[in-house]
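Undergrad: this one's sequence-less:
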């Protein structure tokens with residue numbers, strides 16, 4: 001028998017990855033592995049669009065709610081844990097399905113990450129101070145001088161990623177992009193089928209707007225206030241899209257209507273960056289539409305069936 005099949009499902013936020021992953025899991029006896037950098041955190045619920053309790057009951061889910069709010073989950077640590085989970089799933093003769101929109105996590109899992117320099121808090125503090133003294137744009141221009149490829153991938157307003165890229169480039173005395181290209185250990189032992197959702201952009205933005213409205217109606221303001229009261233600035237996901245805009249509201253920097261608009265806008269911008277990122281990934285089979293569209297689901301099922309050998313297909317398909 002050949003290598004076990006691993007289905008990787010990507011696409012922008014609100015494109016229906018959860019719906020499609022559940023359809024595939026139920027059809028082929030699969031288990032879903034989260035690949036979202038905020039959904040790994042416990043207690044952050046409303047702003048993460050995690051699968052609901054009913055959805056989790058339809059198929060086993062992994063790597064949700066595994067990190068405390070004040071802890072840090074790096075791409076390398078995610079990849080290590082995810083590879084362990086993949087081995088566990090296949091040992092049970094089940095089909096693993098990676099579902100999520102964090103491109104760096106997915107790249108770390110599938111392609112591996114090179115060993116970079118250790119964190120330098122003094123250097124990070126100096127770089128943070130430069131943001132206050134000068135500007136976010138100034139910091140991003142510095143990154144562009146040191147690592148143009150990284151600067152093109154990282155949005156200027158994503159200060160933590162800009163600082164990490166500068167930290168690696170300065171400590172390694174060469175571009176972070178060059179460091180990451182060395183010594184990678186790609187995932188082996190799987191036949192990988194990459195499926196990407198490619199929904200209509202205008203409809204996607206409408207869905208994103210509605211999701212933002214639903215999050216505010218469901219109590220994301222109250223959730224954020226409770227988490228900030230309990231953990232303060234140490235809760236890393238409070239800087240994530242949606243929570244960040246609510247924090248501005250709680251600090252009195254804006255009103256509810258403006259915070260809602262800003263959150264929706266930030267999610268739309270994030271979707272644009274996700275689309276750009278995944279378009280650069282090799283070997284993705286693009287599905288035109290949303291993951292909850294029956295036609296898209298039928299095409300995805302056909303692709304998975306084709307990827308199986310005849311023996312594997314007969315053993316796995318659930319009637």
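TA: Perfect, thanks for sending it. No experiment lies behind these values; they were computed from the predicted model shown. Numbering: from 1, shown residues only.
Undergrad: can you pull the contacts of the residue lying closest to residue 200 once chain neighbours are set aside?
TA: In space, and not counting its chain neighbours, residue 200 is closest to residue 289: 7.7 Å by CB to CB, 6 or more residues apart in numbering. Every C-beta, even on glycine, is put in place using the N, C-alpha and C of the backbone. Going by CB atoms under 8 Å, 6 or more residues apart in numbering, residue 289 touches 197-200, 295-296.
Undergrad: how far away from the center of its chain is stretch 77-84?
TA: Taking CA atoms, centre = their mean, to the nearest Å, one finds stretch 77-84 lying 14 Å from the centre of the chain it belongs to.
Undergrad: would you mind pulling the contact partners of it?
TA: With contact meaning CB under 8 Å, 6+ apart, stretch 77-84 is reached by 33, 35, 37, 40, 63, 66, 98, 105, 108-109, 112-113, 187.
Undergrad: what are the contacting residues of the helix or strand hosting residue 165?
TA: Per DSSP states H and E, residue 165 falls inside helix 159-172. Residues from elsewhere that reach helix 159-172 (CB under 8 Å, 6+ apart): 116-120, 123-124, 127-128, 131, 136, 139-140, 142-143, 146-147, 150-151, 154-156, 175-176, 178-179, 239.
Undergrad: from these, which would you call buried?
TA: Neighbour counting with 16 or more other CB atoms under 10 Å marks 116, 127, 131, 136, 139-140, 142-143, 146-147, 150-151, 154, 156, 175-176, 179 as buried within those.
Undergrad: quick one: the strands in the stretch 151-300 of the chain, in order.
TA: 191-198, 284-288 (DSSP state E, counting those that start in this stretch).
Undergrad: pick the most deeply packed of the ones you listed.
TA: Greatest average neighbour count among the strands of the stretch 151-300 of the chain goes to strand 191-198 (a mean of 20), per mean count of other CB atoms under 10 Å.
Undergrad: residue 228 touches residue 238, doesn't it?
TA: Yes - counting by CB atoms under 8 Å, residue 228 touches residue 238, with 6.2 Å between them.
Undergrad: what about these two, which has more around it?
TA: Higher neighbour count among residue 228 and residue 238: residue 238, with 21 against 18, using other CB atoms under 10 Å.
Undergrad: the closest residue to the more buried one other than its chain neighbours: neighbour count?
TA: Once flanking residues are discounted, residue 238 sits nearest to residue 247: 5.7 Å by CB to CB, 6+ apart. If you count neighbours by other CB under 10 Å, residue 247 ends up with 20.
Undergrad: for residue 247, give me its contacts.
TA: By CB under 8 Å, 6+ apart, the contact list for residue 247 reads 224, 228, 238.
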